[in-house]
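**Q** Sequence and predicted structure, then a few things I'm wondering about:
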Amino acid sequence: MDLLLGPLTSSMKVSLLSIRGTLSVNSLIVLLSIVELSHGEAIAIGCASFTFQYLWRTREKRDPVEVLFNLTNPNRWIPRALRQL
């Protein structure tokens, strides 16, 4: 269920009153998955969410190297976040 929730929320944005700009709901889902789920599940949700967010509603063709970069980002920072818990 969480694996579907991450990509579905990756296109949603929340406007914060005290901060200029928006926050992706996707970030909150990934943070919750880091706290509540196992290492592998959190990485799977992070990779799926950020890849979907990157590829969603694109007008221009995406570079495969950039897609690979977006897949490796959650693999780097999710384990670091898990070590901090």
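**A** Ah, there it is.

**Q** If you average pLDDT per helix and strand, which one of the chain comes out bottom?
**A** helix 2-9 (a mean of 64; mean pLDDT, DSSP states H and E).

**Q** Check the offset of the helix or strand following that helix from the chain's centre.
**A** Elements were assigned by DSSP states H and E; along the chain past helix 2-9, the next helix or strand is strand 13-15. Chain-centre distance of strand 13-15: 15 Å, with Cα atoms, centre = their mean, to the nearest Å.

**Q** For strand 13-15, which helices and strands make contact with it?
**A** Judged by 3 or more Cβ pairs under 8 Å, 6 or more residues apart in numbering; DSSP states H and E, the packing partners of strand 13-15 are strand 22-24. All C-beta spots, glycine's among them, are computed from the backbone N, C-alpha and C.

**Q** downstream neighbour of the strand it packs on in the secondary structure list?
**A** Next element after strand 22-24 (DSSP H and E): helix 25-36.

**Q** for residue 59, helix, strand, or coil?
**A** Classification of residue 59 by DSSP: H, G, I helix; E, B strand; the rest coil places it in coil.

**Q** ok, it - how many residues close by?
**A** 4 (other Cβ atoms under 10 Å).
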